[in-house]
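Novice: when you get a sec, could you give me coordinates for this:
(4 chains)
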2 protein chains.
Amino acid sequence: MFTLDQIRSFIAVAEELHFGRAAQRLNMTQPPLSRQIQKLEKAVGVRLFERDNRKVVLTIAGTAFLEDARSLLGSAEQAPITARRVARGQAGLLRIGFTAASGFSILGQLLAVVEDALPDVDIDLREMVTREQLAALSAGELDIALARPPVDHKHFSSRLLQTEALRLVAPERHPLTELERPIEGKDLSGMPLIMYSPLSARYFYDLAIRHAPIQHGNVAHTVSQIVTTVSLVAAGRGVAFVPESASRLGIEGVRHLQLPASADHAVELHAIWRRGQRNPAVHVLLDAVAKNSTFDAPKA
Amino acid sequence: MFTLDQIRSFIAVAEELHFGRAAQRLNMTQPPLSRQIQKLEKAVGVRLFERDNRKVVLTIAGTAFLEDARSLLGSAEQAPITARRVARGQAGLLRIGFTAASGFSILGQLLAVVEDALPDVDIDLREMVTREQLAALSAGELDIALARPPVDHKHFSSRLLQTEALRLVAPERHPLTELERPIEGKDLSGMPLIMYSPLSARYFYDLAIRHAPIQHGNVAHTVSQIVTTVSLVAAGRGVAFVPESASRLGIEGVRHLQLPASADHAVELHAIWRRGQRNPAVHVLLDAVAKNSTFDAPKA
DNA sequence: CCTCACTGATGCCCGGAGTGCATGATGTTT
DNA sequence: AAACATCATGCACTCCGGGCATCAGTGAGG
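Specialist: This next block holds a predicted model:
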């Protein structure tokens, strides 16, 4: 097999068509250059130059080999540059998990920041519920998660990205929409409630419990996705707690009602990554997010 | 700069994730392999493996570099193969010149042979008159010409590819079409004749002269392309000599008339190449043409 | 808790490949 | 015919890469 140095030598001779000048360009003397070319020709198995004592010309095979040689050398020079960029987090792949709800609140802004700060990083987006994201982080299948607390800080680090208000969503013309004040827990007494699964949507389950202690029997449905929740409300199946940004879904036939002030920043979204995280792009992204204005709660 | 051997070593370690086994696969011992990887990391400027005394894993940069390394090594292995194929004439580029007339007689069959015998050879086709082709051959701008005699055998070699009959083409309902016998020179006495340029179409000029000695004054036009000739005949401007295959042009309003037997194989087409020709594909093509049935004159 | 086995890193020496200098072979120019 | 130009070759030296022996750190098992 040949050497990259031989490739470099070959290119120089092919361009100069003169061993002496090529040697000069390569900062060496002519004799070893002649020998390198001979070795290369032996390795390739073809005569690359037609040379007598007066002139040097590329053979047809040499012309063909020159193309490959140039691209080979180009790749050889590019590869380390790429590797260094990846090491600095300026290139490579970033696998981002997100919950369906964060998809219509923060994801757009976040991707704009990524586009700007990490133009050469490929982004792999995967929608999963919080629990799945944490499992994927542990398995090394995800670099960063956009998910809900709680976070196990033994294995993960996190940063609060955004808070938004919790709201109550009710069908249009529902009695609650008549009240011209924040809805309180007792207002919901006896009303059918669309509830969250304590397994797949633990965070919203807990939030709902906190704002409207559930009496046995008023849970109309149990779901795990915000979109499903709002759709069921629109269908008149009950009322439900949703984050403020859910109004962006644009589902017709529902009203978003205010809750007491305690609910104003109740819904948190965190960026979460595994401790001992290997992908430098994660930290570049986090830094970019930190510098780049805060991600405010969306105005409905 | 790194070495291709280091790339090979890196790939082995990346695949085995174990220096000992990788070394075994590379037919070497572990210590020099460790050092090669260290050198490679220094050359690339990035740590490629995260390794403690218990396990070896690729870093993110290493993962990125592995892709480039594989393609680099693949190219390095492919390049000599390509060069050897080019040297044997099985790949590369073949620049073929042809006259407009050969375009509608032999070119199709020839290209079919090329396709079959030289599948990996790129074909560059250029239409030129014979004189231009010979000049292009001399200048090294053409590898092979499909052209008419005479050939200067001091500088060129040639092979007869095809002979076809010379015919007379006349407008429909022309008095000559009434004759139910081969047309002779004296039949043309006083008739307007579409003649060829002695400069650009020397071969057909000579043929025409031989079959119908020209009296002063009966040359209606002087052209250099068969297509132009037949078009002028169709327009009623006169009669002309054309090769048999010109009937393939499908130009309406003309009749192709037989000449005496001496004209039956009068039109020759040769493959011509420069002596000391460098492109091996030329000879591969000529051999393929020789083996592959003769190129018969087209049946009108 | 200690020992052993495993794994990658390091020290040392040797053989071979690459380099430079001097020179050869050959064709061109004056 | 002599001088020149150009690529090839002989020779000595240096340095790189490889193998052998060994070190150092870690996890498993008694």
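Novice: can you give me the neighbour number for A:A69?
Specialist: 27 (other C-beta atoms under 10 Å in any protein chain shown). Backbone N, C-alpha and C define where each C-beta goes, glycine included.
Novice: spell out which parts of the stretch 1-150 of chain A neighbour chain B.
Specialist: Counting by C-beta under 8 Å from any C-beta of the partner chain, the stretch 1-150 of chain A comes close to chain B at A:1-5, A:43-48, A:50, A:59-65, A:68-69, A:71-72, A:75-76, A:78-80, A:82-84, A:86-87, A:91-92.
Novice: tell me which of those residues fall in strands.
Specialist: A:E50, A:A91, A:G92 (DSSP state E).
Novice: which of those residues are buried, as a PyMOL select command?
Specialist: Command for PyMOL, covering only those of those found buried under the criterion 16 or more other C-beta atoms under 10 Å in any protein chain shown:
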select buried, chain A and resi 91+92
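Novice: buried ones in the helix or strand harbouring A:I37, by neighbour count?
Specialist: A:I37 is part of helix A:30-44 when elements are defined by DSSP states H and E. Of all the residues in helix A:30-44, those buried under the rule 16+ other C-beta under 10 Å are A:L33, A:S34, A:Q36, A:I37, A:L40, A:E41, A:V44.
Novice: could you do stretch A:84-92 as well?
Specialist: A:R84, A:R85, A:V86, A:A87, A:G89, A:Q90, A:A91, A:G92.
Novice: hmm, who's touching that stretch?
Specialist: For stretch A:84-92, contacts defined as C-beta atoms under 8 Å, 6 or more residues apart in numbering or on different chains pick out A:82, A:118, A:120-122, A:279-285, B:44-47, B:59-61, B:63-65.
Novice: A:L125: how many residues sit nearby?
Specialist: Around A:L125 there are 13 residues (other C-beta under 10 Å).
Novice: can you classify it by secondary structure?
Specialist: Recorded secondary structure, A:L125: strand (DSSP: H, G, I helix; E, B strand; the rest coil).
Novice: how about the closest residue to it other than its chain neighbours, what does it touch?
Specialist: In this structure, A:L125 finds its nearest non-sequential neighbour in A:I96, 5.5 Å apart by C-beta to C-beta, 6 or more residues apart in numbering or on different chains. Residues in contact with A:I96, defined by C-beta under 8 Å, 6+ apart, are A:L110, A:I123, A:D124, A:L125, A:R126, A:L142, A:D143, A:I144, A:A145, A:L146.
Novice: pull up the gap between A:I96 and DNA strand D, please.
Specialist: Distance of A:I96 to DNA strand D, given as C-beta to the nearest atom of the strand, to the nearest Å: 31 Å.
Novice: A:L285 now?
Specialist: Using C-beta to the nearest atom of the strand, A:L285 is found at 30 Å from DNA strand D.
Novice: now that residue: which helix or strand?
Specialist: helix A:280-291.
Novice: buried stuff in that helix?
Specialist: So, applying 16+ other C-beta under 10 Å, buried residues of helix A:280-291: A:P280, A:A281, A:V282, A:V284, A:L285, A:L286, A:A288, A:V289.
Novice: so which elements touch it?
Specialist: strand A:91-98, helix A:107-117, strand A:156-164, strand A:267-274 (3 or more C-beta pairs under 8 Å, 6 or more residues apart in numbering or on different chains; DSSP states H and E).
Novice: kindly export the longest one (C-alpha atoms) in PDB.
Specialist: What that stands for is helix A:107-117. C-alpha atoms of helix A:107-117 as PDB (Å, rounded to 0.1, in the frame of the first residue of the first chain):
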ATOM      1  CA  LEU A 107     -39.400  24.000  20.300                       C
ATOM      2  CA  GLY A 108     -39.600  26.500  17.500                       C
ATOM      3  CA  GLN A 109     -37.600  29.100  19.400                       C
ATOM      4  CA  LEU A 110     -35.100  26.500  20.500                       C
ATOM      5  CA  LEU A 111     -34.500  25.300  17.000                       C
ATOM      6  CA  ALA A 112     -34.000  28.900  15.800                       C
ATOM      7  CA  VAL A 113     -31.200  29.200  18.500                       C
ATOM      8  CA  VAL A 114     -29.700  25.900  17.400                       C
ATOM      9  CA  GLU A 115     -29.800  26.900  13.700                       C
ATOM     10  CA  ASP A 116     -28.000  30.100  14.600                       C
ATOM     11  CA  ALA A 117     -25.400  28.800  17.100                       C
END
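Novice: and the angle from it to strand A:156-164?
Specialist: Orientation of helix A:107-117 against strand A:156-164 (axes from the mean of the first three to the mean of the last three C-alpha atoms, to 10 degrees) gives an angle of 120 degrees.
Novice: name the residues that touch helix A:107-117?
Specialist: Here helix A:107-117 makes contact (C-beta under 8 Å, 6+ apart) with A:94, A:96, A:98, A:121, A:123, A:125, A:146, A:161, A:284-285, A:288-289, A:292, A:295.
Novice: about what we covered before: the helix holding A:I37 and DNA strand D in contact?
Specialist: Yes - contact of helix A:30-44 with DNA strand D (C-beta under 7 Å from any atom of the strand) involves A:Q30, A:P31, A:S34, A:R35, A:I37, A:Q38.
Novice: who's in contact with the third one?
Specialist: So the one you mean is A:S34. A:F19.
Novice: what about the stretch 1-150 of chain A, any weak spots by pLDDT?
Specialist: In the prediction, the stretch 1-150 of chain A carries no residues with pLDDT under 70.
Novice: and if we set it to 90?
Specialist: A:1, A:52-55, A:89-90, A:100-106, A:138-140, A:149 (pLDDT under 90).
Novice: which one of the ones in strands among the residues of the stretch 1-150 of chain A next to chain B is nearest to A:E244?
Specialist: A:G92 (34.6 Å; C-beta to C-beta).
Novice: let me see the domain layout of chain A.
Specialist: A:4-87, A:91-162+A:267-291, A:166-263 (automatic domain parsing).
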